[in-house]
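Chemist: coordinates only, sequence not included:
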């Protein structure tokens, strides 16, 4: 039950982020309206991506293996959503369009995680030195 | 029960219990030694011998093959208590859980270093071994260290 509640929480947080991104897209493409198909496609897709993110909080596998699973899962979800919405004509065109963006996002995540862990290391070592 | 008190000039007080070590009476005595006479001491075992240690002498505690082991400067000892019980009772002595099977005495942590895996490695003062601080326990560890 606890696991299910956690899964729902992650899913709804994902949906929330997805809704914010959609609102941003509407703002940026003022003339273009988002239709019902897109709405019913991206909100569940965001929910699924949020739910998949839960795996990053487990210790059972190596962090970078979990990141790879997250990458593949999110790529698959976005790939399916792109096709349901009919944004690209062929799967190859979707791959070409999506891959660079995904790589940039995950390299950004790697740099952010590395920077935060180094800052944490410094803060904890400083606190340990004070205890001496 | 027969009680013998022998005066001796030595640094450490020695308690010898002679009789059926499995009996209820002996177990009650051990528990009394552990709880009252110990005054915050913990009972450790090695090769059928029992020792009283102050928690400040224990570097870290870890579960190995289902047994709770205590690492001290004098070597490894076994403990009867489960790790989750010790996590609660030894918190005020500076012990914090750093992964699923390890509690570390914060006073013996020299430094930590971030790993590529997202975990951290803790170096123990005066020892060669290192301990892993897993990601899910790091937040609590950081709060504990920073007070």
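Modeler: Sure thing, it's come through. None of the values given here were measured: they were computed from a predicted structure.

Chemist: residue A:87: what's it in contact with?
Modeler: residue A:94 (Cβ atoms under 8 Å, 6 or more residues apart in numbering or on different chains). To be clear about C-beta, it is placed using only N, CA and C from the backbone, and glycine gets the same treatment.

Chemist: same question, the one 10 residues further on
Modeler: The contact partners of residue A:97, by Cβ under 8 Å, 6+ apart, come to residue A:88.

Chemist: so it, which state does it fall into?
Modeler: helix (DSSP: H, G, I helix; E, B strand; the rest coil).

Chemist: how much space between it and residue B:93?
Modeler: Applying Cβ to Cβ, to the nearest Å, the value for residue A:97 to residue B:93 is 58 Å.

Chemist: ditto for residue B:127
Modeler: Residue B:127 is 19 Å from residue B:93, by Cβ to Cβ.

Chemist: what does residue B:99 give?
Modeler: Taking Cβ to Cβ, one finds residue B:99 at 19 Å from residue B:93.

Chemist: which one's more surrounded, these two?
Modeler: residue B:99 (20 against 16; other Cβ atoms under 10 Å in any protein chain shown).

Chemist: so which elements touch the helix or strand that contains residue B:140?
Modeler: Element membership of residue B:140 [criterion: DSSP states H and E] is helix B:135-145. Secondary-structure packing of helix B:135-145 (3 or more Cβ pairs under 8 Å, 6 or more residues apart in numbering or on different chains; DSSP states H and E): helix A:91-131, strand B:95-99.

Chemist: minimum distance to residue B:7: which of those has it?
Modeler: strand B:95-99 (35.9 Å; Cβ to Cβ).

Chemist: so what's residue 48 up against?
Modeler: Picking chain A for this. A:11, A:14, A:77.

Chemist: what about it, which SS state?
Modeler: Under three-state DSSP, residue A:48 comes out as helix.

Chemist: so what pLDDT did it get?
Modeler: Listed pLDDT for residue A:48 reads 96.

Chemist: how much space between it and chain B?
Modeler: 23 Å (Cβ to the nearest Cβ, to the nearest Å).

Chemist: quick check, central residue of chain B?
Modeler: residue B:70 (4.5 Å; Cα atoms, centre = their mean).

Chemist: A strand includes it, no?
Modeler: Yes. Using three-state DSSP, the assignment for residue B:70 is a strand.

Chemist: tally up the residues packed near residue B:4, please.
Modeler: So residue B:4, with other Cβ under 10 Å, has 6 neighbours.

Chemist: ignore what I typed, I meant residue B:124.
Modeler: What residue B:124 shows, counting by other Cβ under 10 Å, is a neighbour count of 18.

Chemist: contacts for the helix or strand of chain B at the bottom of the mean pLDDT ranking?
Modeler: Using mean pLDDT, DSSP states H and E, the weakest-scoring helix or strand in chain B turns out to be helix B:24-32, at a mean of 79. Residues from elsewhere that reach helix B:24-32 (Cβ under 8 Å, 6+ apart): B:1, B:17, B:19, B:20, B:43, B:50.

Chemist: could I have the buried ones of those as PyMOL selection syntax?
Modeler: Buried members of the contacts of helix B:24-32, identified by 16 or more other Cβ atoms under 10 Å in any protein chain shown, are gathered into one PyMOL selection as follows:
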select buried, chain B and resi 43+50
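
Chemist: can you list the contacts of helix B:24-32 in CSV and add pLDDT and distance to chain A?
Modeler: Output for those, formatted as CSV (pLDDT from 0 to 100; distance: Cβ to the nearest Cβ, whole Å):
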residue, pLDDT, distance to chain A
B:1, 79, 45
B:17, 84, 39
B:19, 86, 45
B:20, 84, 45
B:43, 87, 27
B:50, 87, 31
